[in-house]
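Undergrad: Sequence and predicted structure below; questions after.
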Amino acid sequence: MKKWKIWAAVVSVFTAGVLVGAVGLGVTLRYHMAPPKSRAEFQARISEELMERIVKHVRPDPSAIPDIKAVILQTMAELQALRGEIEPRHKAIIETGNARIKALLSTEQQARFDKITEDIKKGRFSLFRPPPPPPF
């Protein structure tokens with residue numbers, strides 16, 4: 001009869017651990033792994049991290065560092081231009097796919113499908129889902 005106290009303690013500790021882990025994961029995902037607020041912030045952060053890696057592992061001559069930084073920034077600008085070219089095609093493919101799916105659904109199912117696609121577009125994420133990718 002006295003074993004129920006031991007089991008209650010074990011279950012309490014286990015439950016407390018699960019709750020702390022779940023809340024801690026949510027906080028970590030929301031604040032430490034959140035996407036950057038702007039494109040400029042993202043590009044600055046990525047270029048800095050890349051430069052730090054190159055300096056640490058490659059150890060280029062100090063005179064070459066400004067040139068390397070310029071190449072990184074130019075490459076990032078070219079990639080951004082490429083994204084601008086590809087994004088309309090990407091959206092068109094998604095819209096075509098959505099239209100083809102909706103053609104196979106009933107009116108009620110189409111309404112639910114529209115709700116799901118709206119949620120995806122608006123980026124509604126809960127505490128336990130990972131944050132969305134960068135906004136570009």
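TA: Received the coordinates, thanks. Residues are numbered from 1 along each chain as shown.
Undergrad: For burial, what's the neighbour tally of Ile72?
TA: The burial metric for Ile72, expressed as a neighbour count using other Cβ atoms under 10 Å, is 17. Just so you know, the C-beta spots here come from the backbone N, C-alpha and C atoms, and that holds for glycine as well.
Undergrad: For it, pull up the helix or strand it's in.
TA: With elements taken from DSSP states H and E, the one containing Ile72 is helix 65-103.
Undergrad: Show me which residues of that helix are buried.
TA: Using 16 or more other Cβ atoms under 10 Å as the test for burial, helix 65-103 gives 68, 72, 76.
Undergrad: Got the domain ranges for the chain?
TA: Described in terms of automatic domain parsing, the domain architecture of the chain consists of the residue ranges 1-34, 38-122.
Undergrad: a markdown table please, covering those domains and showing mean pLDDT.
TA: Rendered in a markdown table, the data for the domains of the chain read as follows (pLDDT from 0 to 100):
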| stretch | mean pLDDT |
| --- | --- |
| domain 1-34 | 85 |
| domain 38-122 | 90 |
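Undergrad: what's next to stretch 70-81, contact-wise?
TA: Residues from elsewhere that reach stretch 70-81, judged by Cβ atoms under 8 Å, 6 or more residues apart in numbering: 39, 43, 46-47, 50-51, 136.
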